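Chemist: 3D, please:
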Amino acid sequence: MQLKTSEGGERRSPGSNAVALALSMALATAPLMFADPAYARSAPDGFADLIESVSPAVVQITTRQSAAGKSAHGNGDLSQIPEQFREGPMRDFFERFFREGVPGDLPEQQAERTALGSGFIISSEGTVVTNNHVIGDADKMEVTLKDGSRFPARLIGSDEKTDLAVIKIDADRTLPTVAWGDSDHSRVGDWVVAVGNPFGLAGTATAGIVSSRGRDIGAGPYDDFIQIDAPINTGNSGGPLFNGDGGVIGVNTAIYSPSGGSVGIGFAIPSNAARKVVAELQEKGTVNRGWLGVAIQPVTRKWQKALA
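Modeler: You can find the predicted model right below:
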C-alpha cells in the first residue's frame, strides 16, 4: 500500500514495510532452485589427492642428438640462404657456407642438441610410454623420476603414424606406475588433469575439462584426438591425461597455438587407441597394419572409352 507525502514523494504504510521485510528474509534464506545439486556435486573440491597418487609415475625425458661429420652451419640445407642473397655475387659464398661450413665451426656433436619431453611408467620394471616425436632420432635418452634419480633409457619400439613410443629404463627398485583408463567413457565436460614437464618444469599439474572428442587435426592417418582445455605446453608431449579416478585416458601430444604457448586448446591420443599400439610395440617393437591391394589412378579418356 503506497501513500503520497506532502512533498509529493512516496512512503509505505507500516504494514507494507513488514511484508517487504519478511519477503527479503525469505529470499535470503531460500536455496537457489536453479542450481541442480547433481551438477554441483560433480565439481571436485580439488585434485591434490589424485595428483599426489599419480605424479610419482610421471617422468621427464631428456634426449640428445648429434650429427657426426657435419658442422653447425655446413649441413647442406641451402634453403637457409637468405632470400636476398640467393641470386647475385654473394650466392656462391652462401652456398659454400651452408654446404661446407667455415673454418673453426664447431661440429654438431660438440654443440649437442637437447630436447625435453614427458612420459609415464606403465610397468614396475620400467616401461615408459611417450610420444614418438619426443624421442625422434635421439642418440641418447635419459629418464628423470620425481625424486630426481636419473636412468639411461633404450628404445623398445615407436610408431610414427600414431606418434607413440615405448622406452625402457633399468632401475634398482620397483617403480611406481599408473594404469590405463577407458577413454570411451570420457564425455565432453568431464574433468581431466594433465601432469608433465612443460618447459622443463618437472611435475607440473594442470586441470580442465574435455572440450571435444574425435578431433582430426591433420597430424596423421589415425587422428582421433581428445580436445582439452587443461593448459599444456612444450615439454608436456608424451605426458599422461588423467580422469577423475586417476586412470590415464590420453597421451598429451599437441596444442593449437598462434603464439607458441597454451591458449586452452590441447589434444591427447585416446587411451583405448594408445594402449593397443603400446602393447604391440612392447611385443614386436613395431606396429603391423593390414594393406589392401588397391591403387588409385587418374581416369583418362582412353579408360573412359574402355569402361563405357
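
Chemist: Quick check: buried residues in stretch 272-286?
Modeler: 272-275, 277-278, 280-282 (16 or more other CB atoms under 10 Å). Using the backbone N, CA and C atoms, a C-beta is placed for each residue, glycine as well.

Chemist: Helix, strand or coil: sort out residue 171 for me.
Modeler: When classified by DSSP: H, G, I helix; E, B strand; the rest coil, residue 171 comes out as coil.

Chemist: give me every residue that touches it.
Modeler: 126, 149, 151 (CB atoms under 8 Å, 6 or more residues apart in numbering).

Chemist: which of these tops the neighbour count?
Modeler: residue 126 (20 neighbours; other CB atoms under 10 Å).

Chemist: For the closest residue in space to that residue that isn't next to it in sequence, report the pLDDT, please.
Modeler: Leaving aside its sequence neighbours, residue 126 sits nearest to residue 169 (CB to CB, 6 or more residues apart in numbering; 4.2 Å). Residue 169 is assigned a pLDDT of 97 by the prediction.

Chemist: Next one: residue 169 from residue 143, what distance?
Modeler: 5 Å (CB to CB, to the nearest Å).

Chemist: what sits up against stretch 149-162?
Modeler: 61, 126-128, 132, 135, 140-145, 164-171, 220-222, 269, 273-274, 277, 280-282, 284-287.

Chemist: For it, buried residues please.
Modeler: Those would be 151, 153, 156-159, 162, for stretch 149-162 by 16+ other CB under 10 Å.

Chemist: coming back round to it: list residues touching both of residue 169 and residue 143?
Modeler: Common neighbours of residue 169 and residue 143 (CB under 8 Å, 6+ apart) are 128, 151-153.

Chemist: Sort out for me which of those residues are in strands.
Modeler: Judged by DSSP state E, strands contain the following of the shared contacts of residue 169 and residue 143: 128, 151-153.

Chemist: Would you convert those into CSV that also reports pLDDT and distance to residue 187?
Modeler: CSV is the format used below for these (pLDDT from 0 to 100; distance: CB to CB, whole Å):
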residue, pLDDT, distance to residue 187
128, 98, 29
151, 97, 38
152, 97, 41
153, 97, 35
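
Chemist: before we move on, the earlier item: going by distance to residue 184, which of the contacts of residue 171 wins?
Modeler: Distance to residue 184, by CB to CB, is smallest for residue 126 among the contacts of residue 171, at 28.5 Å.

Chemist: List the contacts of the closest one.
Modeler: So residue 126 contacts 151, 168-171, 175 (CB under 8 Å, 6+ apart).

Chemist: do that again at 7 Å, thanks
Modeler: 168-171, 175 (CB atoms under 7 Å, 6 or more residues apart in numbering).

Chemist: Quick one, which of these are buried?
Modeler: 168-169, 175.

Chemist: Look up how far residue 272 lies from residue 253.
Modeler: 15 Å.

Chemist: Any figure for the gap between residue 148 and residue 47?
Modeler: 23 Å.

Chemist: what's the longest strand seen in the chain packed up against?
Modeler: Across the chain, the longest stretch assigned as strand under DSSP E is strand 204-215. When contacts are defined as 3 or more CB pairs under 7 Å, 6 or more residues apart in numbering; DSSP states H and E, strand 204-215 sits against strand 191-196, strand 225-228.

Chemist: looking only at pLDDT, what's the mean for that strand?
Modeler: 96.

Chemist: tilt between that strand and strand 191-196?
Modeler: 120 degrees (axes from the mean of the first three to the mean of the last three CA atoms, to 10 degrees).

Chemist: Walk me through which strands strand 204-215 pairs with, and which way each runs.
Modeler: strand 191-196 (antiparallel), strand 225-228 (antiparallel) (DSSP bridges).

Chemist: With respect to residue 291, which of the ones in strands among the shared contacts of residue 169 and residue 143 is nearest?
Modeler: residue 128 (30.2 Å).

Chemist: quick one: secondary structure of the residue lying closest to that closest one once chain neighbours are set aside?
Modeler: Nearest residue to residue 128, sequence neighbours excluded (CB to CB, 6+ apart): residue 119, at 4.5 Å. Secondary structure state of residue 119, per three-state DSSP, is strand.

Chemist: pLDDT at residue 261, what is it?
Modeler: pLDDT at residue 261 comes out at 81.
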